[in-house]
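A.B. asks: next come a sequence and a model predicted from it.
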Amino acid sequence: MTSQELLAMKKKFEHDGRQAMGVHLPAKDAKELRWELHQMYGQDPGPVIATLFGMEVLSYDADEVSFET
């Protein structure tokens with residue numbers, strides 16, 4: 001998953017007026033996002049990404065991406 005894909009999913013979730021405050025990520029997606037952030041900013045954010053796009057990352061081992069309000 002890329003950051004653009006995550007943002008598109010967030011936008012779709014928020015379409016009805018809800019606001020995503022937290023996100024649950026599958027391990028594979030968390031790893032891919034970590035790599036992308038490393039490439040974008042030139043340094044590894046570490047194994048625990050605390051926030052993404054204003055959302056708290058609530059878990060790194062979810063079955064699928066899900067958002068919480």
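C.D. replies: That came through fine.
A.B. asks: residues in contact with the most centrally placed residue in the chain?
C.D. replies: Central residue of the chain (CA atoms, centre = their mean): L52, 5.3 Å from the mean position. Applying CB atoms under 8 Å, 6 or more residues apart in numbering, we find L52 in contact with S3, L6, V23, L33. The C-beta positions use only the backbone N, C-alpha and C, and glycine is treated the same way.
A.B. asks: for stretch 55-69, buried residues please.
C.D. replies: Residues of stretch 55-69 classed as buried by neighbour count (16 or more other CB atoms under 10 Å): M55, V57, Y60, V65, S66, F67.
A.B. asks: now for the nearest residue to the fifth one once chain neighbours are set aside: which residues touch it?
C.D. replies: Nearest residue to S66 in three dimensions, chain neighbours excluded: H24, at 4.7 Å (CB to CB, 6 or more residues apart in numbering). Applying CB under 8 Å, 6+ apart, we find H24 in contact with L58, S59, A62, V65, S66, F67, E68.
A.B. asks: rerun at 7 Å
C.D. replies: Listed by CB atoms under 7 Å, 6 or more residues apart in numbering, the contact set of H24 reads L58, S59, A62, V65, S66.
A.B. asks: the residue nearest to the centre of the chain and A62, how far apart?
C.D. replies: Distance from L52 to A62, counting by CB to CB, to the nearest Å: 14 Å.
A.B. asks: so which of the contacts of H24 is the closest to M40?
C.D. replies: Nearest to M40, judged by CB to CB, of the contacts of H24 is V65 at 19.7 Å.
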